[in-house]
Structure formats: C-alpha cells, structure tokens
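**Student:** Okay, here's the prediction I keep looking at, along with the sequence it came from:
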Amino acid sequence: FVCFLQHHHRQYDILIIQELFMLRFAWWIRCDELQFLVTELCKLGFTHFSRPSGHLGLASQNGGIMLFSKHPFVYDECYRFDESDEIMLRKGFVIGVCQIALNKDRNYYL
C-alpha cells in the first residue's frame, strides 16, 4: 500500500483506511505496523490523522479504522458501539470534518 501511494499520493487528499488494528494486553500494546504506516503517510503529506477507532480496554483490540488527510481536521472523533458480537474488538466508527484550503467557507464531512 505504501509503495502504491509513493507513486500516486498526489491523486488523493484524504484516505479512509480500515484493518489498522492495535492489540492490547494490560500494559503491552502491539502497534508496530500502525506506527510504520503513520510515519510513511506523514512523509507523503498526510500529516493529519484521526486516532485509531475504538478505545482499548485492558485486553482488547481497537476497531481498526483511521482517517488520514493532507488538510487539517476541524473535528474528528471515534465512537465505539456499546454492543458487539465480538468480545475483544472495539467496533465503532470515525467521523472527520476537513476544511479544504481551496474553499474556507465549506466543510467536507467523512
């Protein structure tokens, strides 16, 4: 994915990526791949990003959805569903509002 974006990142201003999971067991959190992706996307100009969806409990995994943007977020928040059929996953959704520099009077909702 990073190799693809290195050649095509000028075609995109905003990315919505799923399956970006972090795993937590007490104080141990596994997120090496996520840290790598955030670092590489920042190098390509996607310097604004939401938190990984879902809030990690003591033994759980986040929802895996993140927003990345070349434009600043006016608002971004992740929400967790109260009920889910999966015990460890923190399913939910992410909301982002960007203000594109071309039109300061208009917000774009993701």
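**Tutor:** Cool, got the structure.

**Student:** Remind me what the strand or helix carrying residue 34 packs against, helices and strands.
**Tutor:** Secondary-structure assignment from DSSP states H and E places residue 34 in helix 32-43. Counting contacts by 3 or more CB pairs under 8 Å, 6 or more residues apart in numbering; DSSP states H and E, helix 32-43 packs against helix 2-8. Bear in mind the C-beta positions are built from the backbone N, C-alpha and C, glycine included.

**Student:** counting contacts, what elements does the helix it packs on pack onto?
**Tutor:** Counting contacts by 3+ CB pairs under 8 Å, 6+ apart, helix 2-8 is packed against helix 32-43.

**Student:** can you give me the offset of stretch 93-100 from its chain's centre?
**Tutor:** Distance of stretch 93-100 from its chain centroid, counting by CA atoms, centre = their mean, to the nearest Å, is 11 Å.
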